[in-house]
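Q: My questions are about this predicted structure, shown below with the sequence.
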Amino acid sequence: MSGDGQTRVRPVRRVLWRSGLALLAVTLALLVLVGVATLYLTSSAGERLVKQLALKHANAQLAGRLDFEKLELATDRVVLENLKLFDPEGQLVAEVRRVELDLDVSMLSPSNVHIESAKVLEPRLYLASDERGLNLSRAVEPRAPPSDALATGEPPNVRVQLDAFELASGHVDFRSEGRWTAESLNARGNALWVGRTGELSAALRLDGRMTAPASAPLSVSAEIAGRADALSAKLAAALAQAKLSAQAETKGTGARWLGAAARRRAGARAQLAAARRHLCERDAVERR
C-alpha cells in the first residue's frame, strides 16, 4: 500500500476508534445514571418521592381519595402498607394492611407488565348501596369523564399478565336493605389481559365464612376466557345448603355481554334470597 493509502486509512481507523470510545463512554454513563436512579428510588427519600407522585396522580384521577402509609421499592418488588380508599364524601370504603407485588423486570415495558405474584393481605371492604349507588363504584369512578377521543380511540397496546394472585384474611361488610358480612376470606387466582386484541382470561377461587345474617360456609369459583367480542364465563357459588351455578357465552360487544348478565341476575337474586331466608330460619332455631 502506498504512503497516501496508509495516510487515508489511519484517519478512518482513528475516527472509528474515537467513535467507539464515545459510544462506550455514553453507555457507561447511562448505566451509571440508571444505577444511581435505582439506588435513589429504592432509598427512603426516593420511596417518599414516588409515594407523593403516585398519590398525586391517583387522586387527580379518582372521584374518591386513595392513601397509603408506606412504600417499599426494589428492582423487582413493590410493597405497599396500610392502604385506604375513601368515597367522595370522605367515608372509608376499603383498607388493606399490605400489598406485595413481584415483577418480572426482564419483561417490563410500557406495553408489557408481567406480575409474577400479587398478595393482598387483610383487605377489608365496607360496602354500602343507596340511591347514589355503590360507594366503592363512586370512589373509583373517574373524576372527569373520558374525552371523546379516548372513548372512541384504539384499544391500548398493553399486555398485563398475573401469574399468581393471593388474598388472605379478607373481610367484607355490605349494607343495603339488609346486611351481609363475610369473614376469613382467602382466594387464589390468575389473569391475562391483552388490550390490543381484547383477549381476557382469568380464574378465581374464594373461600370463607358468612357471619351475617347468619353463620355459614361460603365458596365461590369463577372463570372467564375469550375476547371482548366473544366471552365465555363460568360461575359456581355455595352458601350453606344453597348452591348457584351459571355458564354464559356471548358474541358481540361488551354491552351485549352486560345485558346477558343482567337477564340472569333476577334468578340469582331469587336463589340468594332463598339462601338468606334459610340461614335466618336455621339461626333462629339454633338460638331457641
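A: Thanks, I have the structure now.

Q: Next one: Val158 relative to Ile224, how far apart?
A: Using CB to CB, to the nearest Å, Val158 is found at 18 Å from Ile224. All C-beta atoms are positioned from the backbone trio N, CA, C, and that covers glycine.

Q: count of residues packed around Arg97?
A: 15 (other CB atoms under 10 Å).

Q: list the contacts for it?
A: 81-82, 121-123 (CB atoms under 8 Å, 6 or more residues apart in numbering).

Q: Can you tell me which of the residues you listed are buried?
A: Pro123 (16 or more other CB atoms under 10 Å).

Q: Against which helices or strands is the top strand by length along the chain packed?
A: Criterion DSSP state E: the longest strand present in the chain is strand 112-130. On a contact count with 3 or more CB pairs under 8 Å, 6 or more residues apart in numbering; DSSP states H and E, strand 112-130 meets strand 92-103, helix 135-140, strand 159-175.

Q: a markdown table for those, including distance to Ser184 and mean pLDDT?
A: Compiled in a markdown table, the helices and strands packed on strand 112-130 are given as follows (distance: least, CB to CB, whole Å; pLDDT from 0 to 100):
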| stretch | distance to Ser184 | mean pLDDT |
| --- | --- | --- |
| strand 92-103 | 15 | 93 |
| helix 135-140 | 21 | 90 |
| strand 159-175 | 7 | 95 |
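
Q: Show me the helices in the stretch 1-150 of the chain, by range?
A: 3-41, 44-61, 135-140, 148-152 (DSSP state H, counting those that start in this stretch).

Q: before we move on, the earlier item: which of Val158 and Ile224 has more neighbours?
A: Using other CB under 10 Å, the more surrounded residue of Val158 and Ile224 is Ile224, with 17 against 14.

Q: Tell me the predicted confidence for that one.
A: Among the per-residue scores, Ile224 shows a pLDDT of 91.

Q: what bits of the stretch 151-288 of the chain have low per-residue confidence?
A: Low-confidence segments of the stretch 151-288 of the chain, defined by pLDDT under 70: 151-155, 252-288.

Q: what ranges do the helices span in it?
A: Ranges of helices in the stretch 151-288 of the chain, per DSSP H, counting those that start in this stretch, are 254-287.

Q: low-confidence ranges in the stretch 1-150 of the chain?
A: When residues are selected by pLDDT under 70, those of the stretch 1-150 of the chain lie in 1-47, 50, 146-150.

Q: again, 80 this time
A: 1-55, 58, 73, 75, 105, 107-110, 144-150 (pLDDT under 80).

Q: Hmm, Arg188 is touching Asp163, no?
A: No: using CB atoms under 8 Å, Arg188 makes no contact with Asp163, being 11.3 Å away.

Q: do you know which of the helices and strands packed on strand 112-130 lies nearest Asp207?
A: With CB to CB, the closest approach to Asp207 among those belongs to strand 159-175: 10.3 Å.

Q: neighbours around Gln91, how many?
A: 12.
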